[in-house]
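> Attaching a predicted model along with its sequence, questions to come.
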Amino acid sequence: MYTLAVLARCHFWRIFPPEQADDHNPLDVELHVEDNFPYSEIQNLLTPAECKILRSVIDVSERDLFVKELEKRVQNFWPAAKFSTVSCTNRSEAREAKCDRPIVLSAEPADCGEWLGKWFTGCAAVFCDDKKILD
């Protein structure tokens, strides 16, 4: 009488091919990745004077005009990007951008134009990249 384990082992011998010498070689996982994104140019999207316009709470009409210009600059890097908001609060309060693929640019004097992550503090301009990703 055969046990279930013996029958299962015999059954697998018929399904899987015999072991080969290549089975013991390491799998080649080397990938060639070429990243041509101009990361160094992101900081040039904003000047200190433009960051001051974004932080302005008095003259929002000038800020609104500038945001349209900034959106065009951002679209040179991310063609599907759309302006979402300018958000300014104190540096201790972290906020999350409300889109799946945010582009957050700092408007703070110390790091004007820095590309921030989805979670940010201080004053920042937020754009949403609605690029459709193919499945």
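Cool, got the structure.
> mind listing what residue 96 touches?
118, 119 (CB atoms under 8 Å, 6 or more residues apart in numbering). The C-beta positions use only the backbone N, C-alpha and C, and glycine is treated the same way.
> Which strand residues bridge it?
Applying DSSP bridges to residue 96 gives these bridge partners: residue 119.
> Any chance of the backbone angles for the residue nearest the centre of the chain?
Closest residue to the average C-alpha location of the chain: residue 101 at 5.9 Å, with CA atoms, centre = their mean. When read as degrees, to the nearest 10, the backbone of residue 101 gives phi -120, psi 80.
> And the one 3 residues further on, by the same measure?
Backbone dihedrals for residue 104, given as degrees, to the nearest 10, come out at phi -110, psi 120.
> can you tell me which residues contact it?
Applying CB under 8 Å, 6+ apart, we find residue 104 in contact with 97, 115, 116, 117, 118, 120, 124, 125, 126, 127.
> just residue 45 next, same as before
70, 73, 74, 105, 113.
> most surrounded residue in those residues?
Counting neighbours by other CB atoms under 10 Å, the top entry in the contacts of residue 45 is residue 105, with 25 neighbours.
> list the contacts for that residue?
With contact set as CB under 8 Å, 6+ apart, residue 105 has these partners: 42, 45, 46, 70, 74, 113, 114, 115, 116, 124, 125, 127.
> Surely it forms part of a strand?
Yes - when classified by DSSP: H, G, I helix; E, B strand; the rest coil, residue 105 is found to be part of a strand.
> longest helix of the chain?
helix 60-77 (DSSP state H).
> roughly how far is it from the heart of the chain?
Remark: helix 60-77 is offset 20 Å from the chain centroid, using CA atoms, centre = their mean, to the nearest Å.
> pull the CA atoms of it into PDB?
C-alpha atoms of helix 60-77 as PDB (Å, rounded to 0.1, in the frame of the first residue of the first chain):
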ATOM      1  CA  VAL A  60      -3.700  86.500  -4.800                       C
ATOM      2  CA  SER A  61      -4.500  87.900  -8.300                       C
ATOM      3  CA  GLU A  62      -0.700  88.100  -9.100                       C
ATOM      4  CA  ARG A  63      -0.300  84.600  -7.700                       C
ATOM      5  CA  ASP A  64      -3.100  83.200  -9.800                       C
ATOM      6  CA  LEU A  65      -1.500  84.600 -13.000                       C
ATOM      7  CA  PHE A  66       1.900  83.200 -12.000                       C
ATOM      8  CA  VAL A  67       0.400  79.800 -11.300                       C
ATOM      9  CA  LYS A  68      -0.700  79.500 -14.900                       C
ATOM     10  CA  GLU A  69       2.900  80.300 -16.000                       C
ATOM     11  CA  LEU A  70       4.300  77.800 -13.600                       C
ATOM     12  CA  GLU A  71       1.900  75.100 -14.800                       C
ATOM     13  CA  LYS A  72       3.300  75.600 -18.300                       C
ATOM     14  CA  ARG A  73       6.800  75.200 -17.000                       C
ATOM     15  CA  VAL A  74       5.900  72.100 -15.000                       C
ATOM     16  CA  GLN A  75       4.200  70.600 -18.100                       C
ATOM     17  CA  ASN A  76       7.600  70.700 -19.900                       C
ATOM     18  CA  PHE A  77       8.600  67.900 -17.600                       C
END
